[in-house]
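S.K.: Generate a structure from the sequence data that follows.
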Amino acid sequence: MVKTLIVDGNNLLKIGFHGVKDFYNNGEHIGGTWHFLNTIRKFLEETNFNKVMVFWDSDTNSSQRKLIYPKYKMNRKSSPNDVEKTDSFNKQKTRVKQYLEEMFIRQLEVENSEADDLIAYYCQISLDEEKTIFSSDKDLTQLISEKVLIYSPNLKSYYKFGDNIKFKNCSIPHYNVMTFKILSGDTSDNIDGISLMGEKTLIKFFPEILDSKIYLTDILTKCEQLLKEQQKNVVLGNLIIGKTKEGIMGDDFFRINKILVDLSEPLIDEEGKKMVREYYSESMDPDGRGHRNLIRMMIADGFFKYLPKGDDAWINFLKPFLKLSRKEKTKFRNKN
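M.R.: Residues are numbered from 1 along each chain as shown. Below you'll find the predicted structure:
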């Protein structure tokens, strides 16, 4: 079976961009670029992947969710220093994309789409592949299955089928992450949850969410039963009427939050889905790609001073990518 590494592109680039601060070339920060490529290299060394897919957030990635929920990600404030940082980040993103083209690594960015949705749809259509997703985004843990693993760079470990996902005050089975986030919201994306229902309170009333598959309808049915016994309970009352800190939303609360967080129905238009399908099935034309281009780029970017000492350092760095290139060239020849 084909083994595929799926990379949440913006997520990985941000880790290096903010974490590798001392890597510069001619006065320009290159830490994000270096960390991105070196991370993929290590994964290719450790696991015999047949294919690597990188999915990027577009500049307008929040637009579809903002149409449904205008407050989406509105909590992410910018400062004067952010303009310079954004410029550096975008330059490094462009440079990473150029490297990936030479390395026979598929990559896709779809206008108005988030990488999460592209990854989710790819997982739906690539049933003949065993996939490892590289991302610290816990939303993607919804996708875990017997054929899908998640590697968390924060934990430096894998989430696999049957595992619990660690949140602030609890650990939730991956198959209940969607229901959990619908009710509790997501502060990082500015999605409101039920008023006064924190993680501990949610588990207090619905402990079954910790060890068995539970749906939103199950939660609401039990809530109605509990309210018969605890008629004055404010939290249960808030849940049944869909009340957030902004007020009573009723059924719209559950409908909107499900659309925002549920990756079983990715927010991608038909053209975007068509592009994902093409990248799933395409073979990569080797014409114009090659290791000589990579070496020239690495020299221009000053990478060699960050490699281990030794005449074969650059060969060892490129070896996993060259191995992947050979696989892709063989696939292209066989198909054509």
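S.K.: alpha carbons only for contacts and neighbour counts from here, please
M.R.: Noted.
S.K.: how near is the residue of the chain positioned farthest from its centre to residue 197?
M.R.: What lies farthest from the middle of the chain is residue 229; by C-alpha atoms, centre = their mean that is 41.9 Å. According to C-alpha to C-alpha, to the nearest Å, residue 229 stands 18 Å off from residue 197.
S.K.: can I assume residue 64 is in contact with residue 260?
M.R.: No - with contact defined as C-alpha atoms under 8 Å, residue 64 does not reach residue 260; the gap is 9.4 Å.
S.K.: Which one's more surrounded, these two?
M.R.: residue 260 (24 against 18; other C-alpha atoms under 10 Å).
S.K.: was I right about the more buried one contacting residue 67?
M.R.: No - the pair residue 260 / residue 67 is not scored as a contact, 10.7 Å apart, by C-alpha under 8 Å.
S.K.: Counting by contacts, list what the host helix or strand of residue 93 packs against.
M.R.: Using DSSP states H and E, residue 93 falls within helix 80-102. Under the contact criterion of 3 or more C-alpha pairs under 8 Å, 6 or more residues apart in numbering; DSSP states H and E, helix 80-102 touches helix 9-19, helix 31-46, strand 106-109, helix 291-300.
S.K.: Could I have the CA atoms of it written out in CSV?
M.R.: Once non-C-alpha atoms are left out, helix 80-102 reads as follows in CSV (Å, rounded to 0.1, in the frame of the first residue of the first chain):
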residue,chain,number,x,y,z
PRO,A,80,3.0,47.4,13.3
ASN,A,81,5.8,44.8,13.6
ASP,A,82,3.5,42.2,12.0
VAL,A,83,3.8,43.8,8.5
GLU,A,84,7.5,43.1,8.4
LYS,A,85,7.1,39.6,9.8
THR,A,86,4.3,38.8,7.3
ASP,A,87,6.5,39.9,4.5
SER,A,88,9.3,37.6,5.6
PHE,A,89,6.9,34.7,6.2
ASN,A,90,5.4,35.1,2.7
LYS,A,91,8.9,35.3,1.1
GLN,A,92,9.9,32.1,2.9
LYS,A,93,6.7,30.4,1.9
THR,A,94,7.4,31.3,-1.8
ARG,A,95,10.9,29.9,-1.5
VAL,A,96,9.7,26.7,0.2
LYS,A,97,7.3,26.2,-2.7
GLN,A,98,10.2,26.5,-5.2
TYR,A,99,12.2,23.9,-3.3
LEU,A,100,9.2,21.5,-3.2
GLU,A,101,8.8,21.7,-7.0
GLU,A,102,12.4,20.5,-7.5
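S.K.: picking up where we left off before, tell me which of the helices and strands packed on helix 80-102 approaches residue 132 most closely.
M.R.: Smallest distance to residue 132 across the helices and strands packed on helix 80-102 (C-alpha to C-alpha): 10.1 Å, for helix 31-46.
S.K.: phi, psi of residue 69?
M.R.: Main-chain dihedrals, residue 69, degrees, to the nearest 10: phi -140, psi 90.
S.K.: quick one: it and residue 179, what's the gap?
M.R.: Residue 69 is 18 Å from residue 179, by C-alpha to C-alpha.
S.K.: now do residue 156
M.R.: 26 Å.
S.K.: More neighbours: those two, which one.
M.R.: residue 179 (22 against 8).
S.K.: The more buried one and residue 213 touch, don't they?
M.R.: No - under the criterion of C-alpha under 8 Å, residue 179 is not in contact with residue 213, lying 9.6 Å apart.
S.K.: low pLDDT regions in the protein?
M.R.: Where the chain drops to pLDDT under 70, the residues are 77-81.
S.K.: Apply 90 and report the result again.
M.R.: 1, 47-48, 61-62, 74-85, 154-155, 169, 281-292, 304-305, 307-315, 325-336 (pLDDT under 90).
S.K.: per the record, what domains does it have?
M.R.: 2-163+265-335, 165-261 (automatic domain parsing).
S.K.: ok, residue 116 to residue 150 distance?
M.R.: In terms of C-alpha to C-alpha, residue 116 sits 13 Å off from residue 150.
S.K.: Please say which of those two ends up with more neighbours.
M.R.: Each of residue 116 and residue 150 has its neighbours counted (other C-alpha under 10 Å); residue 150 has more, 26 against 23.
S.K.: which secondary structure element contains that one?
M.R.: Short version: residue 150 belongs to strand 148-152, going by DSSP H and E.
S.K.: which stretches of the protein form helices?
M.R.: Secondary structure of the chain by DSSP state H: the helices cover 9-19, 31-46, 63-68, 80-102, 115-125, 177-184, 199-205, 216-229, 234-241, 251-261, 270-281, 291-300, 313-335.
S.K.: Of these, which stretch is the most buried?
M.R.: A comparison of these by mean neighbour count, using mean count of other C-alpha atoms under 10 Å, puts helix 177-184 on top with a mean of 23.
S.K.: so what secondary structure elements neighbour it?
M.R.: Secondary-structure packing of helix 177-184 (3+ C-alpha pairs under 8 Å, 6+ apart): helix 251-261.
S.K.: mind redoing it with 10 Å?
M.R.: strand 171-173, helix 199-205, helix 216-229, helix 251-261 (3 or more C-alpha pairs under 10 Å, 6 or more residues apart in numbering; DSSP states H and E).
S.K.: could you redo these as CSV and give each row distance to residue 102?
M.R.: Shown next, in CSV, are the helices and strands packed on helix 177-184 (distance: least, C-alpha to C-alpha, whole Å):
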stretch, distance to residue 102
strand 171-173, 39
helix 199-205, 46
helix 216-229, 46
helix 251-261, 35
